[in-house]
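K.L.:
fold the stuff below for me.
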Amino acid sequence: MKTCEITPVLITCLMIGVVLLAAGCTSTSDVTPSADAAKSITVFTAASLKGAFTDMAAQYEDEHPGTTVVLNIDGTQALRTQVEQGARGDVFASANTKHMDALMAGGFMENDTVTRFLENRVTIALPASNPGDIHEPADLSTPGEKVLIGTSEVPVGGYARQVLEKMTADPEYGEEYMDAVMENIISEETNVNNIIAKLLIGEADAGFTYTSDVVTPAYADQLTTIPIPDEYNVIAHYPIGVLRESTDPETAADFIAFVRSGQGGEILRSYGFEPL
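P.N.:
Predicted structure coming up:
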């Protein structure tokens, strides 16, 4: 019968109405936020940290249900420009102190949150097949070698130039060494990931990268490295901090604490970094 079909519907409608009326009478101040309320932070991440911070973000999300970590990955100099031009984020992880110092001086960081959290070193990366027959740093100056380097503004490029200057000052390499290597440069890249990508597809014989870029398990069978002796090398210091415009500085600070924890240190070491 029609009535029998309608009656349950009316009862349901009445119940829903009661619930809606009750909800409408509940003031905002009576609602307690859920501990699992959705959160999202954006982490400006230096390109050399891509692998480690991808793992870091995944583990942080696993341990903080409802929280999403969005990584904005690029060369540090490009990330700095984005912030200076108004891009919003919560955490800034830099591959050198120069760009972080500039952001702090410009009022873009919560300065008391900025801390150095790891060290890295420059190395010479090669395709595993070693098409350029390069076996020591001096070979980079051999005419015809195809070498990649970062631009002078990207941290890895600045560090590489400091390494070349130190070698050039040593009679073992000679005062023409840096000029000879620079004549073999076929491209200057804006982030270290571009250098790795071109080495992987065989576009160059060698490139200046960080140690962490080569020792990562992802490239263990595809890349090899020629270490740069300590007397010529440069220690890269990486700072991290909360951005002034962060909409959730508490979660941003908590993520930084996770990066600096023992668990975060294990992730960094697995990618060849030296956590502080």
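
K.L.:
what separates residue 276 from residue 218, distance-wise?
P.N.:
24 Å (C-beta to C-beta, to the nearest Å). For the C-beta atoms, the positions are set from N, CA and C on the backbone; glycine is no exception.

K.L.:
and what of residue 139?
P.N.:
The gap separating residue 139 from residue 218 is 26 Å, by C-beta to C-beta.

K.L.:
and the two? Which one has more around it.
P.N.:
residue 139 (16 against 11; other C-beta atoms under 10 Å).

K.L.:
just the pLDDT for the closest residue to that one other than its chain neighbours.
P.N.:
Of all residues not flanking residue 139 in the chain, residue 145 sits nearest, at 6.9 Å (C-beta to C-beta, 6 or more residues apart in numbering). Each residue has a pLDDT score; the one for residue 145 is 97.

K.L.:
who's in contact with residue 145?
P.N.:
132, 134, 139, 184, 205-206 (C-beta atoms under 8 Å, 6 or more residues apart in numbering).

K.L.:
10 Å instead?
P.N.:
Shown in contact with residue 145 (C-beta atoms under 10 Å, 6 or more residues apart in numbering): 131-134, 139, 180-181, 183-186, 204-206.

K.L.:
in a markdown table, list these along with pLDDT and distance to residue 164.
P.N.:
What follows is these, written out as a markdown table (pLDDT from 0 to 100; distance: C-beta to C-beta, whole Å):
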| residue | pLDDT | distance to residue 164 |
| --- | --- | --- |
| 131 | 96 | 22 |
| 132 | 96 | 17 |
| 133 | 97 | 20 |
| 134 | 97 | 15 |
| 139 | 97 | 14 |
| 180 | 98 | 10 |
| 181 | 98 | 6 |
| 183 | 98 | 12 |
| 184 | 98 | 11 |
| 185 | 98 | 10 |
| 186 | 97 | 16 |
| 204 | 97 | 16 |
| 205 | 98 | 16 |
| 206 | 98 | 13 |
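
K.L.:
centre of the chain to stretch 202-220, how far?
P.N.:
Centre-to-centre, stretch 202-220 and its host chain are 16 Å apart (C-alpha atoms, centre = their mean, to the nearest Å).

K.L.:
quick one: end-to-end distance for it.
P.N.:
Start and end residues of stretch 202-220 are separated by 16 Å (C-alpha to C-alpha, to the nearest Å).

K.L.:
in it, what counts as buried?
P.N.:
Under the neighbour-count criterion of 16 or more other C-beta atoms under 10 Å, stretch 202-220 has 204-216, 219 buried.

K.L.:
let's see which of the residues you listed end up in helices.
P.N.:
Judged by DSSP state H, helices contain the following of the buried residues of stretch 202-220: 211-215.
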